[in-house]
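Asks: This is a predicted model, with the sequence first.
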Amino acid sequence: MEKFVTLTSVAAPLAEADIDTDIIFPARFLLLLDKVGLGKHLFHERRYRPGGEPTDFVLNRPPFDQARILVADANFGSGSSREQAVWALADFGIRCIVAPSFGEIFYSNCFKNGVLPIVLTVEQHAQVMAAARSEGPMTVDLESQTIRLPNGPDLGFDIDPYRRRALLLGLDEIGGILVDDASAIEAFEAAQRRETPWLYLDDGRLDRLFAEEKE
Amino acid sequence: MTARTLYDKVWDRHVVRQYDDGSSLLYIDRHLVQEVSSPQAFAGLISEGRPLRRPSAHIAVADHAVPTRLRHLPLPDGLAARQVSRLQANCERFGIHYIGMRDDRHGIVHVIGPELGFTLPGATLVCGDSHTSTHGAFGAIAFGIGASECECVFATQTLRQRKQKTMRVTLNGALQPGVTVKDIILALIARIGTDGGVGHAIEYAGPTIATLSMEARMTLCNMSIEAGSRVGMVGPDETTISYVKGRPLAPKGPQWEAAAADWRGLASDPGARFDREVELDVSELSPHVSWGTNPGETAPISGRVPDPATEPNAAKRSKIERSLTYMNLAPGMPLAEIAIDKVFIGSCTNGRIEDLRMAAAVVAGRHVAPTVTGIVVPGSARVRLQAEAEGLDKVFVAAGFEWRDSGCSMCVAMNDDRLQPGERCASTSNRNFEGRQGQGGRTHLMSPAMAAAAAVAGHLVDVRQLGTLH
């Protein structure tokens, strides 16, 4: 995973609550099989008219078309679990999203892709939104957990320590579990198999169970 | 011992390891795999050269991208065909049980998991789909995950998670005729908001719950995510246990007795503490419909489209304005005057046999309005076969509906079942987001009975008044 340490960029203001993942990445593009190259479909219905010509949506307008930070509003990324929403943002170049609240699955998906979602209080969020509109660059520093606004002040933010470390180091979470927790998982499975054996449909048994059902 | 909630009990028995920071490595018993969220997860395994840990913990089915008619022909959409065949190939490669499109066990993941007995009380179950909360109806901890987490489950059978706070939603009273559990969940979301449950696992409890069928409980838990909660649960009782009994993958023989005894002990203890409590008296509830572009923008059918001018909060006012513009609705208009073009009956929310029975009862002996086209998409092949055995397909077809094969269909509009720009739909699905049922399409969420009534009337209508419209 790509590391996230610090990021300095103009921030695109998107002051609209309840932007769901269908708006971020419309379902008809979900037939694609890759993670990369999805940025062109990001916010598709907002960015393009039915004929294909671009609208004046914030991410189409300089300097925000180069923004690497998105200042969104409450409940950003609600709805569907589609990770394509995060892949499309990352592919477009967005590495940090600031909002008063997020849809939970989207929030979790960000951390798997080197994208930092920051939750701020309503007051702090209003300051960042105003700074974003001023078009001045701001700096997000994950090490010190601060957002440095163009004309001050520095705003602190909270983040789960494990997720912070994973972003700072670009950790491979799956690799980590496989190395650190393999024996704990094996021990768990052995105990669970004794206590609730019905949870184990042993390999090959699925086909047999279904075959028996048919007879 | 301290009193524990249902969520506590299922959580506690799945903790593989507690980390110093308070998060847990949670064991995942069951994973439902579909074509949209899995290709990148399988690709990750392949590129890292990692094996899939426990193939028998996964079942795969293509539900989102498949067409709902002419299934004997090659898929007309090349991208969809590629996505479905990729799922099948990945399942063959990793030894996962794959259920094909023409199999009589086919259906939407959240309909077939319970039907096959793959979903069990007390289990942890995940799927790369937000409506996985459906399976919580059995007293499982079930939640939607992203593709990266699917990859983690493939490789490790675990997920690193933080325990959620808990919210109990207590339902009191009996529903009036014509009012359904869909109206309960829409009313609840309208009250607590689409982010009202964020950070919380919901448990639905109270006297009303005991009277509800498993199908109704699944509808309720299904839409927990629309209130912001990844997890919605109901404590297992005799209704749960008799539903599971005899299902193909359910425990059998002596294991069955042990399992059923275990499940009876999962209900929240008396005195268990919840972080938040919400109560709803359902006895005065009337049918609800959505008017806006999220499920919280919902009102009783007797109501009117809101007038943004009367909303004092500027942000809320502009959200209402935006919704009304997208939905092309005038402020103050009676909801029962909204004319519709399409009706969709189906989805993981309302595509089960009871839903089809309720809709069929409304349209029997009637016909859809000349301005309306309607499709009925059973949630699974089993639901379709059961409905056909009861003659429901004939009722729908006689009323002018199209009768289809199973799949997600017009709930997500990834196949050819979709609205044209500007079209308006009465839908039994779960999301009325902009473009959800097709680019530029407009969705009104409601129960199967209400959607059926709208089809007949040609406009939104209180199903309880349909008799007077003849």
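Replies: All right, it came through fine.
Asks: how about the helices in the stretch 251-400 of chain B?
Replies: Assigned by DSSP state H, counting those that start in this stretch, the helices in the stretch 251-400 of chain B fall at B:253-264, B:314-327, B:347-350, B:353-363, B:381-389, B:392-398.
Asks: Quick one, which of the ones you listed gets closest to residue A:136.
Replies: helix B:314-327 (24.1 Å; C-beta to C-beta). C-betas here are computed from N, CA, C, even on glycine.
Asks: Would you mark the buried spots in that closest one?
Replies: Across helix B:314-327, burial judged by 16 or more other C-beta atoms under 10 Å in any protein chain shown covers B:317, B:319, B:320, B:322, B:323, B:324, B:326, B:327.
Asks: Can you convert the residues you listed into JSON lines and add a column each for distance to chain A?
Replies: Compiled in JSON lines, these are given as follows (distance: C-beta to the nearest C-beta, whole Å):
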{"residue": "B:317", "distance to chain A": "12"}
{"residue": "B:319", "distance to chain A": "6"}
{"residue": "B:320", "distance to chain A": "11"}
{"residue": "B:322", "distance to chain A": "7"}
{"residue": "B:323", "distance to chain A": "9"}
{"residue": "B:324", "distance to chain A": "15"}
{"residue": "B:326", "distance to chain A": "10"}
{"residue": "B:327", "distance to chain A": "14"}
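Asks: Among the helices of the stretch 251-400 of chain B, show me which one is buried the most.
Replies: Of the helices of the stretch 251-400 of chain B, the one with the most neighbours on average (mean count of other C-beta atoms under 10 Å in any protein chain shown) is helix B:347-350, at a mean of 30.
Asks: helices or strands next to it in the packing?
Replies: Secondary-structure packing of helix B:347-350 (3 or more C-beta pairs under 8 Å, 6 or more residues apart in numbering or on different chains; DSSP states H and E): helix B:109-115, helix B:214-222.
Asks: most centrally placed residue in chain A?
Replies: When C-alpha atoms, centre = their mean is applied to chain A, the residue found nearest the centroid is residue A:110 (2.2 Å).
Asks: mind checking which helix or strand that one is in?
Replies: Using DSSP states H and E, residue A:110 maps to helix A:104-111.
Asks: Might you quantify the distance of that helix from its chain's geometric centre?
Replies: 5 Å (C-alpha atoms, centre = their mean, to the nearest Å).
Asks: helices or strands up against it?
Replies: helix A:84-92, strand A:116-119, helix A:161-169, helix B:147-156.
Asks: In PDB, list the C-alpha atoms belonging to that helix.
Replies: C-alpha atoms of helix A:104-111 as PDB (Å, rounded to 0.1, in the frame of the first residue of the first chain):
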ATOM      1  CA  GLU A 104     -18.600   3.400   7.700                       C
ATOM      2  CA  ILE A 105     -17.700   1.000   5.000                       C
ATOM      3  CA  PHE A 106     -16.300   3.800   2.800                       C
ATOM      4  CA  TYR A 107     -14.300   5.100   5.800                       C
ATOM      5  CA  SER A 108     -12.800   1.700   6.400                       C
ATOM      6  CA  ASN A 109     -12.100   1.200   2.700                       C
ATOM      7  CA  CYS A 110     -10.000   4.400   2.500                       C
ATOM      8  CA  PHE A 111      -7.400   3.000   4.900                       C
END
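Asks: For that helix, give the mean pLDDT please.
Replies: Mean pLDDT, helix A:104-111: 97.
Asks: before we move on, what about stretch A:170-188?
Replies: Averaging pLDDT along stretch A:170-188 gives 96.
Asks: Quickly check: it near chain B or not.
Replies: Yes: interface with chain B: stretch A:170-188 contributes A:173, A:174, A:175, A:177, A:178, A:181, A:184, A:185, A:188 (C-beta under 8 Å from any C-beta of the partner chain).
Asks: Export those residues to CSV and append columns for neighbour count, secondary structure and distance to residue B:51.
Replies: Below are these laid out as CSV (neighbours: other C-beta atoms under 10 Å in any protein chain shown; DSSP: H, G, I helix; E, B strand; the rest coil; distance: C-beta to C-beta, whole Å):
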residue, neighbour count, secondary structure, distance to residue B:51
A:173, 20, helix, 17
A:174, 22, helix, 12
A:175, 13, helix, 13
A:177, 22, helix, 14
A:178, 18, helix, 10
A:181, 18, coil, 16
A:184, 15, helix, 18
A:185, 20, helix, 13
A:188, 20, helix, 18
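Asks: For my notes, please list these in TSV and give distance to residue B:391 for each entry.
Replies: TSV is the format used below for the residues of stretch A:170-188 next to chain B (distance: C-beta to C-beta, whole Å):
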residue	distance to residue B:391
A:173	52
A:174	51
A:175	56
A:177	52
A:178	54
A:181	54
A:184	54
A:185	50
A:188	49
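Asks: Look up phi and psi at residue A:114.
Replies: Reported as degrees, to the nearest 10, the phi and psi values for residue A:114 are phi 70, psi 20.
Asks: what sits against it?
Replies: The contact partners of residue A:114, by C-beta atoms under 8 Å, 6 or more residues apart in numbering or on different chains, come to A:1, A:2, A:3, A:4, A:90, A:95, A:167, A:170.
Asks: In CSV: the helices and strands packed on helix A:104-111, plus mean neighbour count and distance to residue B:295.
Replies: Formatted as CSV, the helices and strands packed on helix A:104-111 follow (neighbours: other C-beta atoms under 10 Å in any protein chain shown; distance: least, C-beta to C-beta, whole Å):
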stretch, mean neighbour count, distance to residue B:295
helix A:84-92, 25, 18
strand A:116-119, 20, 23
helix A:161-169, 17, 29
helix B:147-156, 26, 24
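Asks: of all these, which lies closest to residue B:421?
Replies: Minimum separation from residue B:421 across the helices and strands packed on helix A:104-111 (C-beta to C-beta) falls at helix A:84-92, 22.1 Å.
Asks: outside of that closest one, which residues touch it?
Replies: Applying C-beta under 8 Å, 6+ apart, the set of residues contacting helix A:84-92 from outside is A:21, A:24-25, A:29-30, A:32, A:35-39, A:41-42, A:59, A:70, A:77, A:97, A:106, A:109-110, A:112-115, B:146.
Asks: If we use 7 Å, what do you get?
Replies: Residues from elsewhere that reach helix A:84-92 (C-beta atoms under 7 Å, 6 or more residues apart in numbering or on different chains): A:21, A:24-25, A:30, A:35-39, A:41-42, A:77, A:106, A:109-110, A:113-115.
Asks: Give the buried residues for stretch B:210-230.
Replies: Quick answer for stretch B:210-230 (16+ other C-beta under 10 Å): B:212, B:214-230.
Asks: what about the closest residue to residue B:264 other than its chain neighbours, distance to residue B:2?
Replies: In this structure, residue B:264 finds its nearest non-sequential neighbour in residue B:236, 7.0 Å apart by C-beta to C-beta, 6 or more residues apart in numbering or on different chains. The gap separating residue B:236 from residue B:2 is 21 Å, by C-beta to C-beta, to the nearest Å.
Asks: sorry, back to before: how about the helices of the stretch 251-400 of chain B in a markdown table, adding mean pLDDT and distance to residue B:45?
Replies: A markdown table is the format used below for the helices of the stretch 251-400 of chain B (pLDDT from 0 to 100; distance: least, C-beta to C-beta, whole Å):
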| stretch | mean pLDDT | distance to residue B:45 |
| --- | --- | --- |
| helix B:253-264 | 96 | 31 |
| helix B:314-327 | 95 | 40 |
| helix B:347-350 | 98 | 26 |
| helix B:353-363 | 98 | 37 |
| helix B:381-389 | 98 | 29 |
| helix B:392-398 | 98 | 41 |
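Asks: so where do the helices sit in chain A?
Replies: Listed in chain order, the helices found in chain A under DSSP state H are A:21-24, A:44-47, A:84-92, A:104-111, A:122-133, A:161-169, A:173-180, A:182-195, A:205-214.
Asks: for chain A, which spans come out with low pLDDT?
Replies: A:203-204, A:213-215 (pLDDT under 70).
Asks: Out of the contacts of residue A:114, which end up buried?
Replies: Buried by 16+ other C-beta under 10 Å: A:1, A:4, A:90, A:95, A:167, out of the contacts of residue A:114.
Asks: Appreciated, that's everything.
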